[in-house]
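> Please find the sequence and the predicted model below.
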Amino acid sequence: MADKTMVKHHHEPLFHVAKRDDMIWWKAWLIRCAAILLSVFVMSLVSMALTEKTLFETLEIMYRGVFGRIEEGSTVMLWKYLQQIAILLCLALALTPAFKMKFWNCGAEGQALIGGLGAMVVMIELGPKLPYGVLMVVIVVVSILAGAIWGLIPAVFKAFFNTNETLFTLMMNYIATQIIAYYVYIKGGGSNVIQPVEFGNFPKIGDNKYLINILIVAILTVVMYLYLRYSKQGYEISVVGESQNTARYIGINVKKVIIRTMCISGALCGVAGLLLVSGTDHTIRTDTVGGQGFTAIMMSWLGQFNPFIMVIMTALIIFLKLGAGKVADTCRLNASFADIFIGVVILCVVGCEFFIRYTIKFRHRKKEGNV
Amino acid sequence: MKKLLSLVLVAVMMLTMLAACGTQKENDGAQGDAPKSSLKVGFIFLHDENSTYDKNFMDAAKEACETMNVEYAQKTQIPESTACYDAAVELIESDGCDIIFADSFGHEAFLMQAAEEYPDIQFCHATGTQAHTAGLDNFHNAFASIYQGRYLAGVAAGMKLNEMIAAGEITAEEAKMGYVGAFTFAEVISGYTSFYLGAKSVCPSVTMDVKFTGSWYDEQKEKEAANSLIGGGCVLISQHADSMGAPTACETAGVPNVSYNGSTVAACPNTFIVSSRINWAPYFEYMIKCVADGTAIDTDWTGTLETGSVVLTDVNEAVAAEGTVAKLEEVKAALNDGSLQVFDTANFTVGGETLTSYTADVDTDDAFTPDTEVIEGGVFYESKFRSGPYFDVRIDGITLLDEAY
């Protein structure tokens, strides 16, 4: 007996990892905030080393890059900041119902591009022919439908043939990008750029061209929160996400839920495309969405599928993106510096989830002696 | 929990301390700096210093701003999209710039949007075509008569071909050059035609094949295009695209290369002959001076050999034919005093005939409608009616292998 116990003790590792469910919410958030602070702090040290600027100066450059000369009453940069938050948030909102259902929609980029293309085609082809009100309705309907269809295709294959939705949606992105490239090639002439179209642009509210985009996304945020939390469909999504067998057992039509949810997800991505093309750029390029469809995946996760937490997360990431970009520009670093900066922050934030969900238990020497 | 709290507290303390250090250092810096002009210039670049095209602008921006003793801010990797408008607004709002300059053709429409919104800021745009019709007082185009530089580079290429013929490496009929272009677009056509005419002026039997990549910067495609031209019997390569694709392909294959946007001799010591480039520093200095003095900037500004805007790099004498340097000086003098015109209609034919009249698309529109007669007294006047090139004639002796772009 004694020998066996000894052997066991020798093989017990220095520490082991155990799952925990007991962390209080404010403690979890404290860890998350600390992770963010720590990563920003580390990256500021890196940029200090690279640029001979002090931490304070670095932070000031970041602030200046995001808010501009706001204390002099110029709010242009602030509105642009809110606009960027709105677009990323819209994409994150779009992905959330699919993720909650454990349907890994990696196709926000493509769904938004196709939605934007829908808007673009209507703007170019019907723009001069229709009265403004009718035109806007057609643009909205077409781009939402286009995004929904792009989301529907992988959902149908998943529901009926159980294809891998991650790969499927990813591939759909490439198809969407190539379709846009071809369209730009046809319409762009020699320079390969579609000049901004003056028809079918979102109206300005007062003098502000971003406010309407921001308002639309603000409304969507509230609606998505209510939909996921209080609607029957939102409940069905949760159940299908937890266990498809349970869902079937309690009489939920899983195929229907998958297809319906992906239609919503795609349609909301289409809205993001609509906001980008009709609401902001008035033209389209293969990089109109600019990889935000992938950043949105992180945003949805970091927000833990809660739309209001996503608002905070997107605001933070866009701040870092703009701020780090400004540091890179001002200090003549390569533009990739901003990507590295954000990469490190996201890594830290994701990494800290480990410490929230698991606990590390060290081998207790005292107990060992007692035995 | 206590551990966690103390960790957070330590982090906060460190932050505060560093911030305090920062403030102190900043004050010291402010006292030591020499007083600078309050003017600030903002530059928008399509790529970064890895692109020969943008590096050329970035070097000139640094040089001009140092000469004029003004501060500058820059944004790199700005695509030809709303990102350009956003960059301009950011440079004005965050950095307080008084002049905004963008370096790529496709930036134009987006820069014009910003120009409309900020009438007190001056906007300058390289290679664009719309300033003279836009009706905006604060929006300006600039270019250089780079066709003169290409012509000179062509002369150096022609002399190399003559040397190869004389050495028996190729026959006169085999004197075929290859040219990697980006798009079938006036700026590129004007460039390769002047290069060809330069070569032809010293080597009358020369012909040229042109391949297009459909991108201003695609290292792999440019390399492939150069290799396929070499495979097709071209004995000398030049290019109008911005990566190192064509020069490195030439170095690997041992084929002489006439480069663009700056010397590639460091990477290609055994094949680089000479490179023409636009030096933007004279324009930047002009533009800064105008704003500092409160005078108007020209709507269309064309730099020339004389203004120092069109320059050749040092000739790589290890590769170039003997006497190239002297010959280039001679041709340069002739271009400067006007006794030699690059697009003299006596020097080229179109479909076997001399061109006597040509209406080019000078006032830009979507359909590229020709609108202005550009031939006067037997000379096609490039860059005279606007700074951006409009020579888009397909002349005899040059074969376009593909016109997909």
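Now that the structure is in, tell me what you want to look at.
> The spatially most central residue of chain A: which element?
What sits nearest the mean C-alpha location of chain A, by C-alpha atoms, centre = their mean, is A:A296, with 1.1 Å. A:A296 is part of helix A:292-302, with elements assigned from DSSP states H and E.
> any idea which helix or strand comes after that helix?
Once helix A:292-302 ends, the next helix or strand along the chain (criterion: DSSP H and E) is helix A:307-330.
> who's in contact with B:I78?
Contacts for B:I78 were tallied using C-beta atoms under 8 Å, 6 or more residues apart in numbering or on different chains; they are B:I44, B:F45, B:L46, B:C84, B:A87, B:A102, B:H107. Heads up, the C-betas are built off the backbone N, CA and C, glycines and all.
> Show me where chain B dips below the pLDDT cut-off.
Confidence mapping of chain B against pLDDT under 70 gives the ranges B:1-37, B:366-367, B:404-405.
> what's the closest of the contacts of B:I78 to A:L130?
Among the contacts of B:I78, B:C84 lies closest to A:L130 (C-beta to C-beta), at 29.6 Å.
> Stretch B:349-362: which residues count as buried?
By 16 or more other C-beta atoms under 10 Å in any protein chain shown, the buried positions in stretch B:349-362 come out as B:L355, B:Y358, B:A360, B:D361, B:V362.
> ok so, going back, among the contacts of B:I78, which ones are in strands?
Among those, the members found in strands (DSSP state E) are B:I44, B:A102.
> and the contacts of B:I78 as CSV, adding neighbour count and distance to chain A?
As requested, those are exported to CSV (neighbours: other C-beta atoms under 10 Å in any protein chain shown; distance: C-beta to the nearest C-beta, whole Å):
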residue, neighbour count, distance to chain A
B:I44, 29, 10
B:F45, 25, 10
B:L46, 23, 11
B:C84, 27, 10
B:A87, 28, 9
B:A102, 29, 13
B:H107, 28, 9
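> what ranges do the helices span in the stretch 1-150 of chain A?
All helices of the stretch 1-150 of chain A, identified by DSSP state H, counting those that start in this stretch, fall at A:2-11, A:25-51, A:55-67, A:76-100, A:108-125, A:132-161.
> Could you give the average pLDDT over stretch A:362-371?
The pLDDT scores in stretch A:362-371 average 58.
> any weak-confidence spans in the stretch 251-371 of chain A?
Short version for the stretch 251-371 of chain A, where the test is pLDDT under 70: A:365-371.
> How about the residues of it by chain B?
Counting by C-beta under 8 Å from any C-beta of the partner chain, the stretch 251-371 of chain A comes close to chain B at A:T280, A:D281, A:T283, A:R285, A:D287, A:T288, A:K326, A:D329, A:T330, A:R332, A:N334, A:A335.
> hang on, the first one packs against B:T82?
I take that to be A:T280. Yes: assessed by C-beta atoms under 8 Å, A:T280 is found in contact with B:T82 at 6.3 Å.
> residue ranges for the helices of chain B, please.
Assigned by DSSP state H, chain B shows helices spanning B:2-32, B:52-68, B:82-93, B:108-117, B:131-134, B:146-166, B:186-202, B:219-231, B:245-253, B:281-293, B:324-336.
> which stretch among the helices of the stretch 1-150 of chain A comes nearest chain B?
With C-beta to the nearest C-beta as the measure, helix A:55-67 is the member of these nearest chain B (2.6 Å).
> re earlier: what about the helices of chain B, which gets the closest to B:P389?
For B:P389, the closest of those is helix B:186-202, at 3.9 Å, according to C-beta to C-beta.
> the inter-axis angle of that closest one versus helix B:146-166?
40 degrees (axes from the mean of the first three to the mean of the last three C-alpha atoms, to 10 degrees).
> and A:A159, what does it touch?
A:V254, A:K255, A:I258, A:I259.
> Would you report which members of these are assigned to strands?
In strands, judged by DSSP E, none of those are found.
> A:V345 against A:R32, yeah?
No: applying C-beta under 8 Å, one finds A:V345 not in contact with A:R32, separated by 11.5 Å.
> Can you pick out the residue with more neighbours from the two?
Under the criterion of other C-beta atoms under 10 Å in any protein chain shown, the comparison of A:V345 against A:R32 puts A:V345 first, with 22 against 19.
> Work out for me the element that one sits within.
Counting by DSSP H and E, the element that carries A:V345 is helix A:336-357.
> how about that helix: buried residues?
Buried residues in helix A:336-357, counted by 16+ other C-beta under 10 Å: A:337-338, A:340-342, A:344-346, A:348-349, A:352-353, A:355-356.
> same deal with stretch B:395-405?
Residues of stretch B:395-405 classed as buried by neighbour count (16+ other C-beta under 10 Å): B:I395, B:G397, B:I398, B:L400, B:Y405.
> Please apply the same query to stretch B:141-161.
For stretch B:141-161, a neighbour-count test (16+ other C-beta under 10 Å) marks B:141-161 as buried.
> same thing with stretch A:115-126?
In stretch A:115-126, the ones that count as buried by 16+ other C-beta under 10 Å are A:G115, A:G116, A:L117, A:G118, A:A119, A:M120, A:V121, A:V122, A:M123, A:I124, A:L126.
> how about it against chain B, any contact?
No: applying C-beta under 8 Å from any C-beta, one finds stretch A:115-126 separated from chain B by no less than 11.3 Å.
> Please work out the average pLDDT along that stretch.
96.
> Which residues does that stretch contact?
Residues from elsewhere that reach stretch A:115-126 (C-beta under 8 Å, 6+ apart): A:135, A:138-139, A:142-147, A:150, A:176, A:179-180, A:183, A:187, A:194, A:197, A:199-201, A:269-274, A:276-278, A:282-284, A:288-289.
> Distance from it to the middle of the chain?
24 Å (C-alpha atoms, centre = their mean, to the nearest Å).
> do the same with stretch B:324-333
22 Å.
> next one: stretch A:124-139
The chain centroid and the centroid of stretch A:124-139 are separated by 30 Å, computed with C-alpha atoms, centre = their mean.
> ditto for stretch B:38-57
Distance, stretch centre to chain centre, for stretch B:38-57: 12 Å (C-alpha atoms, centre = their mean).
> Please put the alpha-carbon coordinates of that stretch into CSV.
Taking Å, rounded to 0.1, in the frame of the first residue of the first chain, the C-alpha atoms of stretch B:38-57 are listed here in CSV:
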residue,chain,number,x,y,z
SER,B,38,3.5,76.1,-39.2
LEU,B,39,2.6,74.5,-42.5
LYS,B,40,2.1,70.8,-42.5
VAL,B,41,1.8,68.5,-45.5
GLY,B,42,-0.1,65.2,-45.6
PHE,B,43,0.8,62.5,-48.0
ILE,B,44,-1.4,59.5,-49.0
PHE,B,45,0.5,56.6,-50.5
LEU,B,46,-1.0,53.6,-52.3
HIS,B,47,1.4,51.0,-50.9
ASP,B,48,4.5,51.4,-48.7
GLU,B,49,8.2,51.5,-49.3
ASN,B,50,8.2,48.0,-50.6
SER,B,51,6.7,49.3,-53.8
THR,B,52,9.2,51.1,-56.1
TYR,B,53,6.4,53.4,-57.2
ASP,B,54,5.5,54.6,-53.7
LYS,B,55,9.1,54.6,-52.4
ASN,B,56,9.9,57.1,-55.2
PHE,B,57,7.2,59.4,-53.8
